[in-house]
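Novice: got a predicted model here, sequence first, then my questions.
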Amino acid sequence: MRTARGHVVRALTIAGSDSGGGAGIQADLKTMHQFGVYGMSVLTALTAQNTMGVQGIFDVSPEFVRQQLDSVWSDIGVDALKTGMLANSKIIGTVAAFLREVRAANVVVDPVMVAKGGSPLLAEEAVQSMRDELLPLATVVTPNLPEAEVLCGFEIRSSHDLHRACEHIAAMGPQTVVLKGGHTPPRSIDSDLSSPDNGLAVDLVYSGGTFTYFASGRVKSDKTHGTGCTFSSAITSMLAQGQSVLESIASAKAFIFAAVAGAADWDIGEGHGPTDHTAAVPDKFTPEAGRFYLYRAGEWSTRSRPLDGSIGNRPSDK
Ligand SMILES: Nc1ncnc2c1ncn2[C@@H]1O[C@H](COP(=O)(O)OP(=O)(O)O)[C@@H](O)[C@H]1O
Ligand SMILES: Cc1ncc(COP(=O)(O)O)c(N)n1
């Protein structure tokens, strides 16, 4: 795929390796390839990992992270990039300093903290660096529910809290916050739409003071290893192609739904298996800020804007 200026579209992931191939740079490169962009990777850590969990972690030195960034930038160039597992505050500092130096545009930050099986992928001491150094550089940040709680320092128990968390994270500097609702909330949430039993996976997007909602069916599957990596790489691939932030998020949402659905009956590993990165890339869709969108049967439909910032109506009852 080429940009309007005629060059091949280039996307970069700055993330950890998942030996099992379902998350990390493997998920990122597979997704970028599927979206037709040229994928590159700067490795921050190696994990010995499979669908059962993380068996070992080996952090790359900050100096070698920097060397990889220099190599990619000095020769090839980058149209959009994402960060995933960054392991520790020294690596975050190195990456953030570099992104400032090169004035990187189209930066997607997936603030990876813990693997689905519970293993920590980011040192606790690094959360403050994530807030102070990386988030101000982000075009889009994509926390899941537990990550949003850690970033905000308060628990998210209600739909009011979800909105408050978006505003709180936006105040840290990113242009757009996507609070992903795929994660089963650690405790019951009092809103229809973010509860795990309502059959929907709703992502809340906060940009320029406006909330936009992207929902899809919630696939009944435990093959969700790498959903966050895949989702943020899809956003990055679309941004690299020059699509708007909301168009990019809509495409990523439709793609991750297809990827989870496509792998529901896969037999890769004994634990939380990966998603299907060969899922079809959806048609481009241009959303309007402030609305509620539902992706169903390969089509987007919209509802009127939820009143008073509350997520009140149930779009599953069409
Ligand atoms: N079972 C599911 N069915 C459909 N979409 C899902 C499912 N699980 C996660 N998603 C979607 O996958 C994306 C990643 O979300 P999430 O799983 O919360 O991230 P993470 O991997 O960081 O925990 C979000 O768009 C979310 O709504
Ligand atoms: C190397 C690496 N990076 C990220 C994740 C998070 O995966 P998920 O997308 O499921 O949150 C992971 N398990 N391993």
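Specialist: Received the coordinates, thanks. Ligands and ions are numbered 1, 2, ... in the order given.

Novice: ok, the residue of the stretch 151-300 of the chain found nearest ligand 2 - how many residues close by?
Specialist: For the stretch 151-300 of the chain, the residue closest to ligand 2 is residue 228, as judged by CB to the nearest ligand atom, at 3.3 Å. All C-beta atoms are positioned from the backbone trio N, CA, C, and that covers glycine. For residue 228, the count of nearby residues is 24 (other CB atoms under 10 Å).

Novice: that one: which element?
Specialist: Per DSSP states H and E: residue 228 is located in helix 227-240.

Novice: from the contact counts, what lies against that helix?
Specialist: strand 10-18, helix 24-34, strand 80-83, strand 107-109, strand 140-141, helix 245-263 (3 or more CB pairs under 8 Å, 6 or more residues apart in numbering; DSSP states H and E).

Novice: nearest to residue 121, out of these?
Specialist: Residue 121 lies closest, by CB to CB, to one member of these: strand 10-18, at 6.7 Å.

Novice: where does pLDDT dip in the stretch 51-200 of the chain?
Specialist: Residues of the stretch 51-200 of the chain meeting the criterion pLDDT under 70: 183-198.

Novice: who in it is up against ligand 1?
Specialist: 144, 180, 181, 182, 183 (CB under 6 Å from any ligand atom).

Novice: in three-state terms, label the third one for me.
Specialist: Same thing as residue 181. coil (DSSP: H, G, I helix; E, B strand; the rest coil).

Novice: correct me if wrong: it contacts residue 213.
Specialist: No - contact criterion CB atoms under 8 Å: residue 181 and residue 213 do not qualify, at 9.3 Å.

Novice: the two: who's more crowded?
Specialist: When residue 181 is set against residue 213 and neighbours are counted by other CB under 10 Å, the residue ahead is residue 181, at 26 against 23.

Novice: list only buried entries from the residues of the stretch 51-200 of the chain next to ligand 1.
Specialist: 144, 180, 181, 182, 183 (16 or more other CB atoms under 10 Å).

Novice: the second one reaches residue 146, doesn't it?
Specialist: I take that to be residue 180. No - here residue 180 lies out of contact with residue 146, judged by CB under 8 Å, at a distance of 10.4 Å.

Novice: right, and the helices and strands packed on helix 227-240 - which one's nearest residue 222?
Specialist: Using CB to CB, the helices and strands packed on helix 227-240 put helix 245-263 closest to residue 222, at 10.1 Å.

Novice: so what does that closest one touch, helix or strand wise?
Specialist: Using 3+ CB pairs under 8 Å, 6+ apart: helix 245-263 touches strand 140-141, strand 176-179, strand 200-207, strand 210-217, helix 227-240, strand 292-296.

Novice: CSV for those, including distance to residue 32?
Specialist: CSV is the format used below for the helices and strands packed on helix 245-263 (distance: least, CB to CB, whole Å):
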stretch, distance to residue 32
strand 140-141, 16
strand 176-179, 18
strand 200-207, 20
strand 210-217, 21
helix 227-240, 5
strand 292-296, 21
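
Novice: so which of the ones you listed comes closest to residue 51?
Specialist: Comparing those by CB to CB, helix 227-240 comes nearest, at 13.2 Å.

Novice: now the residue most central in space within the chain, nearest residue through space, not along the chain?
Specialist: By CA atoms, centre = their mean, the mean C-alpha position of the chain lies nearest to residue 232, the distance being 3.2 Å. Residue nearest to residue 232 in three dimensions, not counting chain neighbours: residue 110, with 3.9 Å by CB to CB, 6 or more residues apart in numbering.

Novice: near ligand 2, which residues of the stretch 51-200 of the chain show up?
Specialist: Counting by CB under 6 Å from any ligand atom, the stretch 51-200 of the chain comes close to ligand 2 at 84, 85, 112, 115, 116, 121.

Novice: report the contact partners of the residue of the stretch 151-300 of the chain closest to ligand 2.
Specialist: Contact analysis of residue 228 by CB atoms under 8 Å, 6 or more residues apart in numbering lists 23, 110, 112, 142, 144, 180, 182.

Novice: out of those residues, who's nearest ligand 1?
Specialist: residue 182 (2.3 Å).

Novice: thought the closest one was touching residue 144?
Specialist: Yes - between residue 182 and residue 144 there is a contact under CB under 8 Å: 6.9 Å.

Novice: before we move on, the earlier item: can I get the residues of the stretch 51-200 of the chain next to ligand 2 in CSV with distance to residue 65 and secondary structure?
Specialist: As requested, these are exported to CSV (distance: CB to CB, whole Å; DSSP: H, G, I helix; E, B strand; the rest coil):
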residue, distance to residue 65, secondary structure
84, 13, coil
85, 12, coil
112, 15, coil
115, 20, coil
116, 25, coil
121, 15, coil
